[in-house]
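Engineer: just coords:
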């Protein structure tokens, strides 16, 4: 199974995110808080926290900001309780969209997500209506310019660590893992000094949908922008072949 690399899109998102770092760091702070509450403040004994820290670093979150978030979560017994919620639905031309949110008010979040779909001429569906079109995988993207290893050496390192698949794109390498093996593979690459442009457990579409109508593209971007602006929304997955 070869991955569908979106490295150009990732770079675009990172550039866009540079202007909204505060919002990104707020969302990552929530993930850190939930991870600390569930497994404690020590990343060596809390694999989920360790993964969130790696995600934060790949988003250029400073180490002292990460440390402050962990200490705040560990020391605040009255911290707001966030819970994960997932929404599924359809965008223009039957595109599939999955929204993962972390919220302290499910009614507010549901209303905002529904509004984002509606304004993009889409609609929220029932649980499971589109998730069967995606595979949950650990995904690691490596920028070729940042990596000193040859493709074969990197591939063997990843596969030996437990990766399922390795693919080479024009400007990047993509490594896919089973979600349960993600932490081990990521840590192996980290210890080997291999820089990762992105490292996260994600939802990868089994097939991609092309949008040819300018109106459909405008509406899809409208939905994605509204979801991106929502502080409760952590991740958005879709099968639009941008």
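Structural biologist: Happy to help now that I have it. Since the structure is predicted, the reported quantities are computational estimates derived from the model, not experimental observations. Numbers count the residues shown, from 1 in each chain.
Engineer: List phi and psi for residue 124.
Structural biologist: Dihedral pair for residue 124: phi -80, psi 140, per degrees, to the nearest 10.
Engineer: which stretches of the chain have low pLDDT?
Structural biologist: Scanning the chain for pLDDT under 70 picks out the ranges 1-20, 77-80.
Engineer: Regarding it, what is its longest helix?
Structural biologist: helix 21-39 (DSSP state H).
Engineer: Could you figure out how far the helix or strand following that one is turned away from helix 21-39?
Structural biologist: Heading C-terminal from helix 21-39, the first helix or strand you meet, by DSSP states H and E, is helix 47-58. Here the directions of helix 47-58 and helix 21-39 differ by 170 degrees (axes from the mean of the first three to the mean of the last three CA atoms, to 10 degrees).
Engineer: which residues make contact with helix 47-58 from outside it?
Structural biologist: For helix 47-58, the external contacting residues (CB atoms under 8 Å, 6 or more residues apart in numbering) are 25, 28, 31-32, 35-36, 38-44, 63, 66, 70, 182-183, 186-187, 190, 196-201. Yep, even glycine has a C-beta here, placed from its N, CA and C like the rest.
Engineer: same deal with stretch 156-166?
Structural biologist: Stretch 156-166 has contacts (CB under 8 Å, 6+ apart) with 1-3, 137, 140, 149, 154-155, 173-178, 181, 184-185, 188-189, 192, 194.
Engineer: By residue count, tell me the biggest strand in this structure.
Structural biologist: Ranked by residue count and defined by DSSP state E, the top strand of the chain is strand 134-143.
Engineer: Between helix 47-58 and that one, find me the angle.
Structural biologist: With the same axes, to 10 degrees applied, the angle from strand 134-143 to helix 47-58 works out at 50 degrees.
Engineer: Off-centre distance for strand 134-143?
Structural biologist: 9 Å (CA atoms, centre = their mean, to the nearest Å).
Engineer: So in terms of bridging, what pairs with residue 102?
Structural biologist: Beta-bridge partners of residue 102, counted by DSSP bridges, are residue 84.
Engineer: what about the helices in the protein?
Structural biologist: Going by DSSP H, the chain shows helices at 7-18, 21-39, 47-58, 63-75, 106-119, 151-161, 182-191, 214-229.
Engineer: Now do the last one against helix 106-119, angle only.
Structural biologist: Read it as helix 214-229. Here helix 214-229 runs at 160 degrees with respect to helix 106-119, directions being taken by the same axes, to 10 degrees.
Engineer: repeat for the third one
Structural biologist: For helix 47-58 and helix 106-119, the angle between their directions (the same axes, to 10 degrees) works out to 50 degrees.
Engineer: Helix 47-58: which residues count as buried?
Structural biologist: Across helix 47-58, burial judged by 16 or more other CB atoms under 10 Å covers 48-58.
Engineer: Adding distance to residue 223, write these out as TSV.
Structural biologist: Converted to TSV, the buried residues of helix 47-58 look like this (distance: CB to CB, whole Å):
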residue	distance to residue 223
48	29
49	31
50	33
51	28
52	26
53	30
54	29
55	24
56	26
57	29
58	25
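Engineer: what's the closest of those residues to residue 98?
Structural biologist: residue 55 (17.6 Å; CB to CB).
Engineer: circling back: list the buried residues of the longest strand of the chain.
Structural biologist: 134, 137-143.
Engineer: What is that strand packed up against?
Structural biologist: Contact here means 3 or more CB pairs under 8 Å, 6 or more residues apart in numbering; DSSP states H and E; on that basis strand 134-143 packs against helix 7-18, strand 172-177, helix 182-191, strand 198-205.
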